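Student: Structure for this input, please:
(one chain, ligands or ions: 1)
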Amino acid sequence: MVLPRDPLQFAVVREDPRVEESLLRERSAERALLIASGGCTALHLRARLPELRLTLVEPNPAQVQHVERKLAALRQNTRSEFNIDDDRTDGLHECGNFERLFRLLRAVLDLWVVSAAERRVRLADAAADWRDVIEHPYWPVAFSTAFADDLLVTMFGPDAVQHAEPGSYPGYFRRRIEAGLVAADRDRNPWLHHVLLGHYLPAAVTWPPFLQEPPRDLEPFEVLPVTLLEVDSFAPYDFVQLSNVLDWMSETDCRALAGRLGTELRPGSRVLWRQLNDPRDLVGHFESAFKFSEIRDGQLTESERSLFYDAVHLGTRR
Ligand SMILES: C[S@@+](CC[C@H](N)C(=O)[O-])C[C@H]1O[C@@H](n2cnc3c(N)ncnc32)[C@H](O)[C@@H]1O
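Tutor: Below is the predicted model:
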């Protein structure tokens, strides 16, 4: 059988939604615009900040349908569909293209580095030492196999990798995962576990935040089915979250988006974005209209436990 191209790219949001939660609480934000992706951040914010009015922006209809499937599963109270202690490939957190890429990473680990059973035992153990795995000759090979440029380009298109140094993704992701394996929270980091196991451990404390505490309101989200630059107006929002979409955008489009946000947002409104293997200084595009703090951005990057980003930036409209 020839496989059709699956339009679902991200089953899971690999972003720590507690970053958004703390920023939204800090200013008692009322209306937020958020990239939908796999819906995890939206579900977490709805659970923790039920008064917040949330609008999602997402040009890929498969992502929007996926968020609806998650809401339907939560309505049925079936957390078992979310790959808790179960690596079913059709589970709600294993069924996108990026999740297949991590399955490829794990296949190399299974074949040459460390069994899934041993990974599971070690991830449940806060005292586990991963040095023998990290020093294994095939450990970097797992990353170079899964994060090959041609696989990433075929999956996400050339725009998604346009600003990264060619061939830099394997090293980037290996360093990020290694940082997770030596961090104090390695026995309860759902993003780390999901990458290395394809599922979460049974203890609720190891689940993504929205599964630990699901929202009560399980009605569909308000969704703008467009790209960020096609959003009619940013004026209604006091918080705009850009995920790491800027990484995928040309310099011209980043400048255009920063210009629109600077013109349309009210003073005091905030914009948040993450950067993944994109070494550009994007703050410069925003600086005329937004205030930034390097110290604050460093703290936000540190507190971002999904491990995927080397930079998080928060701008406040002057
Ligand atoms: C940029 S991707 C990053 C994924 C994320 N960091 C993660 O691993 O969950 C997130 C989402 O952004 C959406 N997206 C891509 N370009 C966009 C744009 N210009 N405007 C709005 N959303 C966009 C994609 O469809 C995808 O669902």
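Student: can you list the residues of the stretch 101-250 of the chain near the ligand?
Tutor: Contact residues (C-beta under 6 Å from any ligand atom) of the stretch 101-250 of the chain with the ligand: Thr227, Leu228, Ser243, Asn244, Val245, Trp248. Just so you know, the C-beta spots here come from the backbone N, C-alpha and C atoms, and that holds for glycine as well.
Student: so which of those is the most crowded?
Tutor: Ser243 (24 neighbours; other C-beta atoms under 10 Å).
Student: got the contact list for that one?
Tutor: Val13, Glu15, Ile35, Ser37, Trp273, Arg274 (C-beta atoms under 8 Å, 6 or more residues apart in numbering).
Student: could you redo the last one with a cut-off of 10 Å?
Tutor: Contacts for Ser243 (C-beta atoms under 10 Å, 6 or more residues apart in numbering) come out as 10, 13-15, 34-37, 41, 57-58, 228, 272-274, 276, 309.
Student: just Thr316 next, same as before
Tutor: 27, 265, 267-271, 289-293, 296.
Student: And the strands in the protein?
Tutor: 31-35, 53-57, 222-224, 239-241, 270-275, 290-291, 311-317 (DSSP state E).
Student: hmm, the first one in reach of the ligand?
Tutor: Yes: contact between strand 31-35 and the ligand, assessed by C-beta under 6 Å from any ligand atom, occurs at Ile35.
Student: Look up the closest residue to Pro145, ignoring the ones flanking it.
Tutor: That one is not Pro; residue 145 is Thr. Spatial nearest neighbour of Thr145, chain neighbours left out: Val108 (5.1 Å); criterion: C-beta to C-beta, 6 or more residues apart in numbering.
Student: follow-up on the earlier one: apply the buried test to the contacts of Thr316 and list what passes.
Tutor: The neighbour-count criterion (16 or more other C-beta atoms under 10 Å) marks Leu265, Ser269, Arg270, Val271, Ala289, Phe290, Phe292 among the contacts of Thr316 as buried.
Student: Pick out whichever of these sits closest to the ligand.
Tutor: Closest approach to the ligand among these (C-beta to the nearest ligand atom): Val271, at 13.7 Å.
Student: now the stretch 101-250 of the chain, which segments are flagged as low pLDDT?
Tutor: By pLDDT under 70, the stretch 101-250 of the chain contains no weakly predicted segment.
Student: Do a quick rundown of the helices in it.
Tutor: 116-123, 131-134, 139-146, 149-156, 169-182, 190-197, 209-212 (DSSP state H, counting those that start in this stretch).
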